[in-house]
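**Q** predicted structure and sequence below. I'll ask about it afterward.
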Amino acid sequence: MNLSTYSRYLESLEAVPFSGQYMPYDWWHMPDSPTFHWFAYRPMIDEFSREIANSINDLTNYAHNLKAWHRVLSDMTEDEQFDVHHDAIDPLAVTAINLPHVIRSRLTHDFRNAYNHRFSPRIGHGITQVVSRSIDPTSKQVTYTYTMLDGIKLDPLTDLLTGQCERAYVAFAAFQDLVNDQIATIK
């Protein structure tokens, strides 16, 4: 990828309408004279709410960035697209695809599935999962299936990520309600 391509991306980033929203920081309010109960709660809610907001805001930005990259790819040759996918789109898209799970895990404390158990599909171009391994739960017999999984196309990916952003916004609003209820109860 060259500087000209990145400049086109920056122009596209400005031109693509921003359809997301940013989660707020420091939105909760503690009493002016906190009791002993607040000493543990205050730093936990501060860190927890900030990290969840950061993750959702990252997802929002990544989805917007991928929409801008999609616009840039439209008039490029396939070879030029390969370079852009390798240098910019793939790392961004893979991170964005994993963020909904990260956000959900942070809301449910389920960190055990932090890593994928096999190679994920490529973004845009490429073939993966030529051989898939599965184990029958009853017989414990291992079978191998030969298939090819095409790369995930950027246009439907950005639509899916936008939907994930919308769900994250709803989850964050529910989180805010929960914290505000807890604060009201502790008062």
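**A** Received, thanks.

**Q** so Ser134, which state does it fall into?
**A** With DSSP: H, G, I helix; E, B strand; the rest coil as the basis, Ser134 sits in strand.

**Q** is it in a bridge, and if so with what?
**A** Thr143 (DSSP bridges).

**Q** and it, how many neighbours?
**A** 10 (other Cβ atoms under 10 Å). The way it works is simple: take the backbone N, C-alpha and C, and place the C-beta from them, glycine included.

**Q** swap in Thr138?
**A** Counted with other Cβ under 10 Å, Thr138 comes out at 6.

**Q** can I assume it sits in a strand?
**A** No. Counting by three-state DSSP, Thr138 is not part of a strand but coil.

**Q** how about the residue nearest the centre of the chain, nearest residue that isn't a chain neighbour?
**A** Centroid-nearest residue in the chain: Leu99, 2.7 Å away (criterion: Cα atoms, centre = their mean). Excluding the flanking residues, the one nearest Leu99 by Cβ to Cβ, 6 or more residues apart in numbering is Leu59, at 4.4 Å.

**Q** is that neighbour in a helix, a strand, or coil?
**A** helix.

**Q** and it, what pLDDT?
**A** In this model, Leu59 is scored at 94, pLDDT.

**Q** check the spacing between it and Glu166 real quick.
**A** 10 Å (Cβ to Cβ, to the nearest Å).

**Q** the more surrounded of the two?
**A** Neighbour count, other Cβ under 10 Å: between Leu59 and Glu166, Leu59 has more, with 27 against 14.
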